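[1] A structural model of the following input is requested.
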Amino acid sequence: MWTIYKKGSFESAHLLEGHPQCGKLHGHSYNWEVWIQNDVLQDPYGFILDFHLFKQYFDQFDHSNIAIKMSAEEIAREAYKYFKKQLPTANFIRVRIWETASCYAEYEQ
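    Residues are numbered from 1 along each chain as shown. Model (predicted):
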């Protein structure tokens with residue numbers, strides 16, 4: 001079984017309508033982490049998954065307001081779905097989204 005791990009960050013606007021604090025447009029410096037395990041390497045390069053796909057996925061959020069109406073939990077779930085689609089044979093995928101230095105949301109199956 002192989003495991004790959006990648007982390008990164010993005011800056012994004014955030015707003016959750018009706019929430020007492022997050023109901024006003026504001027920004028976060030999000031950090032992300034992804035773990036993927038698989039017992040098969042992808043041909044022809046011998047990867048589980050190309051690391052470039054991690055950054056490519058999260059770059060869509062960077063310096064944008066795409067996170068509007070998405071909680072950290074929802075961003076984690078959507079990232080999980082993306083990586084599962086890229087690698088349907090994965091044995092394990094975990095996505096962690098840090099909204100601040102002291103709180104994160106995580107999604108895995």
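[2] pretty sure residue 109 sits against residue 83.
    No: Residue 109 lies out of contact with residue 83 (Cβ atoms under 8 Å); the separation is 10.9 Å. C-beta: built from backbone N, CA, C; applies to glycine.
[3] common neighbours of these two, please.
    Common neighbours of residue 109 and residue 83, using Cβ atoms under 8 Å, 6 or more residues apart in numbering, are residue 93.
[4] could you find the closest non-adjacent residue to the residue nearest to the spatial centre of the chain?
    Central residue of the chain (Cα atoms, centre = their mean): residue 79, 4.3 Å from the mean position. Residue nearest to residue 79 in three dimensions, not counting chain neighbours: residue 95, with 4.4 Å by Cβ to Cβ, 6 or more residues apart in numbering.
[5] just checking, what packs against the one helix or strand the one you found maps to?
    Residue 95 belongs to strand 92-100 when elements are defined using DSSP states H and E. Applying 3 or more Cβ pairs under 8 Å, 6 or more residues apart in numbering; DSSP states H and E, one finds that strand 92-100 makes contact with strand 26-38, helix 72-86, strand 103-108.
[6] so can I have JSON lines of these showing mean pLDDT and distance to residue 2?
    What follows is these, written out as JSON lines (pLDDT from 0 to 100; distance: least, Cβ to Cβ, whole Å):
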{"stretch": "strand 26-38", "mean pLDDT": "94", "distance to residue 2": "6"}
{"stretch": "helix 72-86", "mean pLDDT": "94", "distance to residue 2": "15"}
{"stretch": "strand 103-108", "mean pLDDT": "97", "distance to residue 2": "17"}
